[in-house]
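**Student:** I'll drop the sequence and a predicted model, then ask my questions.
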Amino acid sequence: MEDWLQCEWWDWQVYVANVTEQYAQIAVVGPNARKVLEKLNAQAGGGMDLSADALPFMQWADGKIGDFDARAYRISFSGELSYEIAVPASQGRAFWDALLEAGEEFGVMPYGTECLHIMRAEKGFIMIGDETDGTVIPQDLNLQWALSKKKEDYLGKRAHERSHMADPNRWKLVGLETVDGSVLPDGAYAIAEGTNDNGQRNTQGRVTSTYYSPTLERGIAMGLVLHGPDRMGEVIEFNTVDGGTVAAKIVDHVFYDKEGEKQNV
């Protein structure tokens with residue numbers, strides 16, 4: 001925002017202030033997330049309505065949760081029922097402790113980013129920096145529906161119309177499951193027939209995210225593959241770090257909870 005104000009809208013009398021450090025934000029996640037927060041409200045008379053009707057998915061609200069001034073976001077990176085709660089930074093530790101105490105009967109525990117990434121991959125959620133980089137466009141991720149069909153012009157429209165961007169042979173997002181249940185190497189390339197002008201084996205895709213799923217008890221991965229969405233069920237080979245290969249089947253990139261029921265409890 002500051003870059004745009006200084007470089008593009010320099011004549012505007014507008015000022016911005018970064019207040020990120022003034023807030024502590026904690027994600028309360030899982031099938032009992034609402035119960036924990038409602039327990040805090042019941043204990044201290046907080047007035048925020050956290051019900052599914054009052055605070056549906058992708059909505060936010062200001063109010064009191066227990067004794068704490070809070071802004072609650074009903075958003076989910078993991079695909080589970082989730083609330084991201086922002087409180088004043090000075091209340092962050094007290095809110096954390098209150099959550100642990102209220103959640104004890106529900107088996108509450110902190111969880112790390114690796115767990116978070118596994119859950120989002122099970123649900124087929126893309127990760128900026130994994131499924132995307134400077135070469136990936138919305139069409140590659142099957143997100144062409146998000147591009148306007150009505151506007152005469154918008155940022156990026158001319159780029160999308162260039163021949164390379166509109167090439168039907170661009171690699172597209174799919175799910176990948178190894179035939180033997182193992183975990184694909186991160187960044188592995190899918191091998192294609194023949195060699196290029198440098199004598200290297202041709203490729204037809206690459207792994208963007210790969211994990212072992214405790215829920216599904218097997219390795220799962222997402223990747224970009226040539227004509228991938230049209231090749232469901234086909235088995236292709238990926239290279240491994242020891243010079244070998246591993247076979248993987250092209251599948252839907254949503255491995256679990258395709259209807260999104262777990263985040264709409």
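**Tutor:** Okay, I see it.

**Student:** residues in contact with Ala70?
**Tutor:** Counting by C-beta atoms under 8 Å, 6 or more residues apart in numbering, Ala70 touches 48, 62-64, 85-87, 95. Every residue, glycine included, has its C-beta placed from N, CA and C.

**Student:** among the helices and strands of the chain, which one scores worst on average pLDDT?
**Tutor:** Ranked by mean pLDDT, DSSP states H and E, the helix or strand of the chain with the weakest confidence is helix 157-160, at a mean of 86.

**Student:** buried stuff in that helix?
**Tutor:** Neighbour-count burial for helix 157-160, counted by 16 or more other C-beta atoms under 10 Å, picks out no residue.

**Student:** What are the contacting residues of the following helix or strand past that helix?
**Tutor:** Counting by DSSP states H and E, the next helix or strand C-terminal to helix 157-160 is strand 171-178. Around strand 171-178, the neighbours that count as contacts under C-beta under 8 Å, 6+ apart are 124, 126, 131, 139-142, 184, 204-208, 210, 218-229, 231-232, 238, 246-255.

**Student:** which of those count as buried?
**Tutor:** Members of the contacts of strand 171-178 classed as buried by 16+ other C-beta under 10 Å are 124, 126, 131, 139-141, 184, 204-208, 210, 219-228, 231, 238, 246, 248-251, 253-255.

**Student:** among these, which are in strands?
**Tutor:** Members of the buried ones among the contacts of strand 171-178 lying in strands (criterion: DSSP state E): 204-208, 210, 219-226, 238, 246, 248-251.

**Student:** that's a strand at Ile236, yeah?
**Tutor:** Yes. According to DSSP: H, G, I helix; E, B strand; the rest coil, Ile236 belongs to a strand.

**Student:** Chain neighbours aside, what residue packs nearest to it?
**Tutor:** Excluding the flanking residues, the one nearest Ile236 by C-beta to C-beta, 6 or more residues apart in numbering is Ala190, at 5.0 Å.
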